[in-house]
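**Q** What follows is a protein structure lacking sequence information:
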Ligand SMILES: O=C[C@H](O)COP(=O)(O)O
């Protein structure tokens, strides 16, 4: 049985003060168990968020990192730096990073390897564009991205990672994928993991859906057998909405 995971991806939203306010509200009302809770905040808010959430079951995550441990990489942040402040998860290969910051399957792979070596849990994002979907290329795109991200990683490590299937056309658009369609593609991703790393790994790896997930539609995704939670942008920015998503994930 896979524990559902609801990860908020705040993207470039919230100052440190706003993150503290969110945490205070969230911990006052945080009474759902059986769901892994993660908030992926901007780098500048991570330490404050960690401090506010100390003693709760809400983990913190980053939204990116560099694959080198240290060096002359102006503006970058390493896995070691994230670990030091208590970060447990890191989103890698989000489509916005692939689209605006030239992230490739190769750099995502290097980051996955570095994150695992440092003891961080990668949340690896895969997903097709509208053009690719309309051309019938969804399965091929998620296969290539999944195989690319985990190249050279051993099965035991893959089993402990999280994959987020996010069709690009559903991100921030209000156009969510149907739960059935999302489940179908997630099942393909799981079968790719099974082919490469064995059935036991495929059974264990958690695969989330992401793209316009809201408190109103979370239960429909969680009702699907292969969907293990959600990676949520907009609806994770308000504590009450985030906690409703968490509560909705218990329907699994
Ligand atoms: O990482 C989260 C996704 O990009 C989804 O964003 P959204 O929930 O605002 O559509």
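**A** Cool, the structure landed. This is a predicted model, so every value here is computed, not measured.
**Q** alpha carbons only for contacts and neighbour counts from here, please
**A** Fine.
**Q** Up against the ligand, what does the stretch 101-250 of the chain have?
**A** Within the stretch 101-250 of the chain, the residues that sit near the ligand (C-alpha under 6 Å from any ligand atom) are 171-172, 210-213, 231-234.
**Q** let's see 8 Å
**A** Within reach of the ligand by C-alpha under 8 Å from any ligand atom, the stretch 101-250 of the chain has these residues: 166, 168, 170-174, 176, 210-214, 231-236.
**Q** need the longest helix for the protein.
**A** helix 179-197 (DSSP state H).
**Q** picking up where we left off before, strands - which of the residues of the stretch 101-250 of the chain next to the ligand land there?
**A** Secondary structure defined by DSSP state E assigns 210, 231-232 of these to strands.
**Q** average pLDDT across stretch 17-30?
**A** Stretch 17-30 comes out with an average pLDDT of 97.
**Q** What are the contacting residues of it?
**A** Residues outside stretch 17-30 that contact it (C-alpha atoms under 8 Å, 6 or more residues apart in numbering) are 41, 45, 48-49, 52-53, 56, 238-240, 243.
**Q** do stretch 39-56 as well
**A** In contact with stretch 39-56 (C-alpha under 8 Å, 6+ apart) are residues 7-16, 19-20, 23-24, 27, 58-63, 85-87, 89-91.
**Q** and it, what's its mean pLDDT?
**A** For stretch 39-56, the per-residue pLDDT averages 98.
**Q** And for stretch 229-241?
**A** Per-residue pLDDT over stretch 229-241 has a mean of 98.
**Q** can you give me the strands for the protein?
**A** 5-9, 36-40, 58-62, 89-92, 121-126, 162-165, 206-210, 229-232.
**Q** Compile those into JSON lines and extend it with columns for distance to residue 251.
**A** Rendered in JSON lines, the data for those read as follows (distance: least, C-alpha to C-alpha, whole Å):
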{"stretch": "strand 5-9", "distance to residue 251": "12"}
{"stretch": "strand 36-40", "distance to residue 251": "14"}
{"stretch": "strand 58-62", "distance to residue 251": "19"}
{"stretch": "strand 89-92", "distance to residue 251": "24"}
{"stretch": "strand 121-126", "distance to residue 251": "22"}
{"stretch": "strand 162-165", "distance to residue 251": "19"}
{"stretch": "strand 206-210", "distance to residue 251": "15"}
{"stretch": "strand 229-232", "distance to residue 251": "11"}
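**Q** can the ones you listed go into a markdown table with extra columns for mean neighbour count?
**A** Supplementary listing: the strands of the chain in a markdown table, determined by neighbours: other C-alpha atoms under 10 Å:
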| stretch | mean neighbour count |
| --- | --- |
| strand 5-9 | 26 |
| strand 36-40 | 24 |
| strand 58-62 | 24 |
| strand 89-92 | 27 |
| strand 121-126 | 26 |
| strand 162-165 | 26 |
| strand 206-210 | 29 |
| strand 229-232 | 30 |
